[in-house]
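A.B. asks: Okay, here's the prediction I keep looking at, along with the sequence it came from:
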Amino acid sequence: MNESRRTATSRKKLSTPMRWLLEQDLLGNCILDYGCGRGQDVQELIKKGYDAKGYDPHWGPFTFPDLQYDTITCIYVLNVIPSKVREGILATLQLLSAERIFVVVRADLKQKYIKTSWGTEQWDVHLSFPIMHETSGYRIYKVRG
């Protein structure tokens, strides 16, 4: 059984990829964080004056926000789900109305697949979209925009 919900971490500031997108002025005002986990990025963006919404099937809200967005982000989600689910999420993201879509995956995995001691799974994910920014820890793919 996939325990991807257990990978949602608590933070007190923006995730590093979201901070980079913000610093590069790539977010627009109306943002959906797809797979937002516990929603810290969303809360921090709201504090900064953005119209940010989050969706996460495990942590809520459980009703998918039905709006048009300037930007959709999907950060550290695809690494923790099996490939068939991953394909469905990528298809869903591309069907949504947004000027820009950014998908972030971990870049620091040493193996194609690992199972952690606390029951989560991690896959080394490479996408066919252009890489917009890469560090030793993550890659930001530009899906649209």
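C.D. replies: On my side now, so go ahead.
A.B. asks: now the helices: where do they sit in this structure?
C.D. replies: Using DSSP state H, the helices of the chain run over 16-23, 40-47, 83-95.
A.B. asks: Worst mean pLDDT among these?
C.D. replies: Lowest mean pLDDT within the helices of the chain: helix 83-95, at a mean of 92.
A.B. asks: what's next to that one, contact-wise?
C.D. replies: The contact list for helix 83-95 (CB atoms under 8 Å, 6 or more residues apart in numbering) reads 34-35, 72, 74, 77-78, 81, 101, 103, 123, 125, 127, 143-144. C-betas here are computed from N, CA, C, even on glycine.
A.B. asks: Out of those residues, which end up buried?
C.D. replies: Buried by 16 or more other CB atoms under 10 Å: 34, 35, 72, 74, 77, 78, 81, 101, 103, 123, 125, 143, out of the contacts of helix 83-95.
A.B. asks: Bridge partners for the closest residue to the first one other than its chain neighbours, pull those for me.
C.D. replies: In this case it means residue 34. Among residues not flanking residue 34 along the chain, residue 74 sits closest, at 4.5 Å (CB to CB, 6 or more residues apart in numbering). With DSSP bridges as the criterion, residue 74 is bridged to residue 103.
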